[in-house]
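[1] can't give you the sequence, but here's the structure:
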């Protein structure tokens, strides 16, 4: 944008997004796969190798410091005795997920992100939980 170049992702046109948003889920996944409607619409335009691709998450943060920061924030959450997040999240799971060595496994980034987001939301809005 700083040099006057603007790149648009074609499937992000707001009219297309609004139209597909309102389509029934059964239509969006009519063959049991994600993005069935889009795959079907492009079936005569794209090679089979493109149509058959498995959806990949985007954006994907590969920086190991990101996972380390999530684990550090998770450990801080474990030390917070006032948080209500443990009414919904298993404390033992978080203890394992935030081990610095990870036990040789890749950290569960998605689980950590959801837990930290939930803890922040609970802290900001203070809902009354009835479990």
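    Yes, it's here. Please read these numbers as outputs of a predicted model, since none were measured by experiment.
[2] how far away is the residue most central in space within the chain from residue 101?
    Relative to the mean C-alpha position of the chain, the nearest C-alpha, by Cα atoms, centre = their mean, is the one of residue 110, at 6.3 Å. For residue 110, the distance to residue 101 equals 20 Å [Cβ to Cβ, to the nearest Å]. Using the backbone N, CA and C atoms, a C-beta is placed for each residue, glycine as well.
[3] circling back: from residue 121, how far off is the residue nearest to the centre of the chain?
    Taking Cβ to Cβ, one finds residue 110 at 16 Å from residue 121.
[4] what are the boundaries of the helices in the chain?
    Per DSSP state H, the chain carries helices over the ranges 14-21, 25-28, 36-41, 48-51, 64-78, 91-97, 109-125.
[5] by contact count, what packs against the third one?
    For helix 36-41, the elements it packs on are helix 25-28, judged by 3 or more Cβ pairs under 8 Å, 6 or more residues apart in numbering; DSSP states H and E.
[6] what's the helix it packs on in contact with?
    Here helix 25-28 makes contact (Cβ atoms under 8 Å, 6 or more residues apart in numbering) with 20, 35-37.
[7] hang on, the earlier thing: closest to residue 3 out of the helices of the chain?
    For the helices of the chain, proximity to residue 3 was assessed by Cβ to Cβ; helix 14-21 is nearest, at 24.5 Å.
[8] centre of the chain to the closest one, how far?
    Its chain's C-alpha centre and that of helix 14-21 lie 21 Å apart, by Cα atoms, centre = their mean, to the nearest Å.
[9] just stretch 71-87 next, same as before
    21 Å.
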